[in-house]
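Asks: Below is the sequence, then the predicted model.
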Amino acid sequence: MEQAVGLIGDLGLPIASGLIMAYFIFIIMKQLMDGLVSEIKTVQGITSMLITRASIMNNDMIRIDVILSSALNISPDLERIARSSSFVEDGKIDARRD
């Protein structure tokens, strides 16, 4: 309490109250940013999972296309299969070798 009175005596009431309000605003902003960072990390995790699912779905669609083509005695579209990045994508090797 004596420190607050000394601060008011040294700087004056308006400047001391402004510093105190700035400190509380800093604390509130820090808490908001911490919450925001955790939410951003959650969204990044969900996004990476969705990207993985989309690539797996692409691989599954190509596999189904090849299976149906062979079942119907139609030659599969080899150019489309070659264009797909079914085993290596972004430097990651697909662990599923169906």
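Replies: Looks like it came in fine. Residues are numbered from 1 along each chain as shown.
Asks: Could I get the average pLDDT for the longest helix along the chain?
Replies: Under DSSP state H, the helix in the chain containing the largest number of residues is helix 13-71. When pLDDT is averaged along helix 13-71, the result is 88.
Asks: So what's the residue count around residue 65?
Replies: Using other C-beta atoms under 10 Å as the criterion, residue 65 is surrounded by 16 other residues. Every C-beta, even on glycine, is put in place using the N, C-alpha and C of the backbone.
Asks: which ones are touching the residue lying closest to it once chain neighbours are set aside?
Replies: Among residues not flanking residue 65 along the chain, residue 76 sits closest, at 6.5 Å (C-beta to C-beta, 6 or more residues apart in numbering). Under the criterion of C-beta atoms under 8 Å, 6 or more residues apart in numbering, the contact list for residue 76 reads 65, 66, 69, 70.
Asks: Over to residue 44?
Replies: Taking C-beta under 8 Å, 6+ apart, one finds nothing in contact with residue 44.
Asks: Start the count at 3 instead of 1 going forward.
Replies: All right, first residue 3 from here; so that's residue 46.
Asks: Please tell me how far it sits from residue 53.
Replies: Taken as C-beta to C-beta, to the nearest Å, the spacing of residue 46 relative to residue 53 amounts to 11 Å.
Asks: same check, this time on residue 16
Replies: Applying C-beta to C-beta to residue 16 and residue 53 gives a distance of 54 Å.
Asks: go on, residue 23?
Replies: In terms of C-beta to C-beta, residue 23 sits 44 Å off from residue 53.
Asks: just to revisit the earlier point, export the contacts of residue 78 to CSV and tack on distance to residue 34?
Replies: Conversion of these to CSV gives the following (distance: C-beta to C-beta, whole Å):
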residue, distance to residue 34
67, 49
68, 52
71, 55
72, 57
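Asks: What subset of the residues you listed is buried?
Replies: Judged by neighbour count, with 16 or more other C-beta atoms under 10 Å as the criterion, the buried members of those are residue 67.
Asks: Now residue 72. Nearest residue, chain neighbours left out?
Replies: With C-beta to C-beta, 6+ apart as the criterion, residue 72 has its nearest non-adjacent residue at 7.1 Å, and that residue is residue 78.
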